[in-house]
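**Student:** I would like to see how this sequence folds:
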Amino acid sequence: LLNEVGNNPDQLPLLQHLLMRMWTLGTKKEGGITLTLDDYEEIGGLNNALSLHADEALAELEPGQRKIAKILFRSLSGGDSLHRDTRRPVKLECVAEIAQEPWQNVAVVVEVFRKEGRSFLMPQLGQALVADTVIDISHESLIRQWQQLKEWTKKEAEDAELYQRLESSACRWEKEQAALWRNPELEFALTWREETKPTIPWAKRYGEDEGKHFDLAMRFLAESEKEQQREQQEKERALQEKEAARRRELRQARQQMAGAVIGFILAIVLTFWALWERENAIQLEQKAIFAQKQAETLSINLLDSQITNAALLATRAGDYANARKVLSEKSK
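**Tutor:** As a prediction, this is how the structure comes out:
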């Protein structure tokens, strides 16, 4: 134990608590009280005994009481990043106001942490608790050694810092000296508001003028959210309009393409039709020429036959002069 403590006087409260825990464990043995290394390790050693002991107390609480315990110890420790391990005594009724619970419910939680063999909270066991009783942590070592409380105090400091920035921005915004918040800071603040659900009693610890600007800070955050939503809606509307325009352009392009394809097909059809008509015209022309030649041949043959018959008739009639004339015309 002495080797663990070294020359650091801050370890003395831990040593005292460790010896108390080992003694309590030793009293449960048969055959007299003996403190052993196994006992030392069983309760967590010098560095973990206090944290494990506080965890045992926390485990005895119902879920609703654990929420009260969280608010209680966050109220009892420093609420800024520079003084997390500083005790901050607070009245029982003030904790109840922050927790939004009757002070009697908070008192029940306090009793669990100051029962015999623990003494994590003051006043000591035996003093009655009333609404204006001042509650305090028995020693800063609890803040430094209890891992759960270290997490709570860290979160409390972060929440306090965020709220102070929010309140400051809200006051400057009201004077038209600052703009509404934007992401990512706004996103963090909205998540914080949803998770912690801050109240005026809590804000009194960190805000100016005892929380008088709390409503302004919440209104500033709400207006920032509305503006963010409006801008987001405008972006979505612009994207929708852009998408609609793209679709129109695509539809027009498809229509133009379809028109071009139809025109191309129509041009091919007309070309083939023109070629077909031209071929038909050539064939008809050839048929007409052939028919004309046949007609001419037929006409010539018919005329030749008529002339020959006329010449024969003239010859038979003894009109040789006329027959020669007819034959002369035939030769022509």
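**Student:** So for Glu285, what's the pLDDT?
**Tutor:** Note for Glu285: predicted pLDDT of 83.
**Student:** do Gln148 as well
**Tutor:** 95.
**Student:** Packing partners of the host helix or strand of it?
**Tutor:** Element membership for Gln148 (DSSP states H and E) is helix 147-174. Applying 3 or more Cβ pairs under 8 Å, 6 or more residues apart in numbering; DSSP states H and E, one finds that helix 147-174 contacts helix 45-59, helix 63-76, helix 140-145, helix 185-196, helix 214-316. C-beta: built from backbone N, CA, C; applies to glycine.
**Student:** Ok, which of these comes nearest Thr27?
**Tutor:** Closest of these to Thr27 is helix 45-59, at 15.7 Å (criterion: Cβ to Cβ).
**Student:** Now do the closest one: distance to the chain's middle.
**Tutor:** The chain centre lies 40 Å from the centre of helix 45-59; the measure is Cα atoms, centre = their mean, to the nearest Å.
**Student:** okay, the angle between that helix and helix 147-174?
**Tutor:** On the basis of axes from the mean of the first three to the mean of the last three Cα atoms, to 10 degrees, helix 45-59 is oriented at 70 degrees to helix 147-174.
**Student:** which residues touch helix 45-59?
**Tutor:** Residues from elsewhere that reach helix 45-59 (Cβ atoms under 8 Å, 6 or more residues apart in numbering): 1, 4-5, 11, 14-15, 17-18, 21, 43-44, 66, 69, 112-113, 115, 118, 120, 141-142, 145-149.
**Student:** And stretch 127-144, by the same measure?
**Tutor:** Outside stretch 127-144, the residues touching it (Cβ under 8 Å, 6+ apart) are 10, 13-14, 17, 50, 54, 72-73, 76-78, 84-87, 89-93, 95-96, 103, 107, 110-111, 119-123, 149-150, 153.
**Student:** Just the buried ones out of those, please.
**Tutor:** 13-14, 17, 50, 54, 72-73, 76-78, 84-85, 87, 90-93, 95-96, 103, 107, 110, 119-122, 149-150, 153 (16 or more other Cβ atoms under 10 Å).
**Student:** Give me the spatial nearest neighbour of Glu60, chain neighbours excluded.
**Tutor:** Spatial nearest neighbour of Glu60, chain neighbours left out: Val112 (5.7 Å); criterion: Cβ to Cβ, 6 or more residues apart in numbering.
**Student:** How about the backbone phi and psi for the one you found?
**Tutor:** phi -60, psi -40 (degrees, to the nearest 10).
**Student:** can you tell me which residues contact it?
**Tutor:** Val112 neighbours (Cβ under 8 Å, 6+ apart): 57, 60-61, 65, 69.
**Student:** Only the buried members of the contacts of helix 45-59: can you turn that into a ChimeraX selection?
**Tutor:** In ChimeraX, this line selects whichever of the contacts of helix 45-59 come out buried by 16+ other Cβ under 10 Å:
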select :11,14,17,18,21,43,44,69,112,113,118,120,141,142,145,146,149
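**Student:** what would the contacts of Val112 look like in a markdown table with pLDDT?
**Tutor:** Below are those laid out as a markdown table (pLDDT from 0 to 100):
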| residue | pLDDT |
| --- | --- |
| Ala57 | 95 |
| Glu60 | 95 |
| Leu61 | 96 |
| Gln65 | 96 |
| Ala69 | 97 |
